[in-house]
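Colleague: pasted the sequence and its predicted model underneath.
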Amino acid sequence: MSEPAFSDPIAQQYYRQGETELEASQSADNVLRKAEDCARKDARADIMQSAVYYLAAAHFLESRDRARSAQAYHQAGCQLHRLDQFTQAGRAFSNAGRLAEQAAGTATDQTQHDLQHFAVRSYSRANHCFAEVGELEWSEAEYLNERNARVAWAKMQGKHPWAQLAWKATSNYGTSFARWGLWVLGTIGLFSLLYELFFRLNWLQPMEGMNHAAWIPVWSGLYYSVNVTAALGLVDYEPANMFSQGVVIVNVLIGYILLGIGLGIIGRMIRTR
């Protein structure tokens, strides 16, 4: 990663100071200690120096120790957030998440779990920082990074995040209206074909005591599928055996899941836009 650029000349000066110390000692320990000392103070200049020293150390450590670099970026994000520099803080947290994930990929045992969980936390902080300043595209990107990191973390713990993977497949974690729409159309199309087949096999029978409309090839299967998927119940044919009844049950359940996901997408769009 290229070194950060600063519009504040004082911040640029602090960064150069930290960089000089790092190059002279070829170790980040002294710069990190100074950053920690400055972070304990409340003066804005000290907080700025702390943030910039953390950034310098993080950049220095990227190719040497990704885990420590991730920690330094995260601490830089915390100090930048104290300064209300939310965009810069978001970038620092994002770098922390990225490097923590990379370090987790080569780590073993509990260290791997801890680094992956640290990545989740860092991406979450990045998401909120970008959201605070209205950087919605960046915020959404970090939200997706966080969700993907959660899935990886669950797998490391021996869990099977089927629900998360299904959510990703159907709507990219509630962010893709187009993907959700394709799933809805695919569901309706698949069950339309099944209901058309069931009618021709006499597995769909007119409900007793009702005036039923004549079955129109293709169209009636589509109509039946839309009604069952949307749980409207505006149908006058009923399944005649256990297999066809089971298909209707599956169709209803999928319909409820897709409806819930769709409402979640709309709610997220309203909150973020």
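Modeller: Sure thing, it's come through.

Colleague: quick one: what helix or strand has the residue nearest the centre of the chain in it?
Modeller: Centroid-nearest residue in the chain, with C-alpha atoms, centre = their mean: residue 144, separated by 2.5 Å. For residue 144, the host element (DSSP states H and E) is helix 136-156.

Colleague: mind giving me the packing neighbours of that helix?
Modeller: helix 86-106, helix 109-132, helix 162-171, helix 242-272 (3 or more C-beta pairs under 8 Å, 6 or more residues apart in numbering; DSSP states H and E). Placement of C-beta: from N, CA and C, glycine included.

Colleague: for it, buried residues please.
Modeller: 138-154, 156 (16 or more other C-beta atoms under 10 Å).

Colleague: contacts only, for residue 212.
Modeller: 206, 236, 237 (C-beta atoms under 8 Å, 6 or more residues apart in numbering).

Colleague: among these, which one has the most neighbours?
Modeller: residue 237 (20 neighbours; other C-beta atoms under 10 Å).

Colleague: and the pLDDT for that one?
Modeller: Residue 237 is assigned 90 on the pLDDT scale.

Colleague: so it is in contact with residue 214, correct?
Modeller: No. Under the criterion of C-beta atoms under 8 Å, residue 237 makes no contact with residue 214, lying 10.9 Å away.

Colleague: apart from its chain neighbours, what residue comes closest to the residue nearest to the centre of the chain?
Modeller: residue 173 (6.2 Å; C-beta to C-beta, 6 or more residues apart in numbering).

Colleague: next, count neighbours for that neighbour.
Modeller: So residue 173, with other C-beta under 10 Å, has 22 neighbours.

Colleague: and if you look at residue 45?
Modeller: Counted with other C-beta under 10 Å, residue 45 comes out at 12.

Colleague: got a list of what it touches?
Modeller: residue 10.

Colleague: can you tell me the element it falls in?
Modeller: helix 44-61.

Colleague: and the angle for the next helix or strand along the chain from that helix with helix 44-61?
Modeller: Heading C-terminal from helix 44-61, the first helix or strand you meet, by DSSP H and E, is helix 66-82. Using axes from the mean of the first three to the mean of the last three C-alpha atoms, to 10 degrees, the direction of helix 66-82 lies 160 degrees away from that of helix 44-61.

Colleague: what helices or strands is helix 66-82 leaning on?
Modeller: helix 29-39, helix 44-61, helix 86-106, helix 109-132.

Colleague: any chance of these in JSON lines, plus distance to residue 13 and mean pLDDT?
Modeller: What follows is the helices and strands packed on helix 66-82, written out as JSON lines (distance: least, C-beta to C-beta, whole Å; pLDDT from 0 to 100):
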{"stretch": "helix 29-39", "distance to residue 13": "14", "mean pLDDT": "95"}
{"stretch": "helix 44-61", "distance to residue 13": "9", "mean pLDDT": "95"}
{"stretch": "helix 86-106", "distance to residue 13": "17", "mean pLDDT": "96"}
{"stretch": "helix 109-132", "distance to residue 13": "25", "mean pLDDT": "95"}
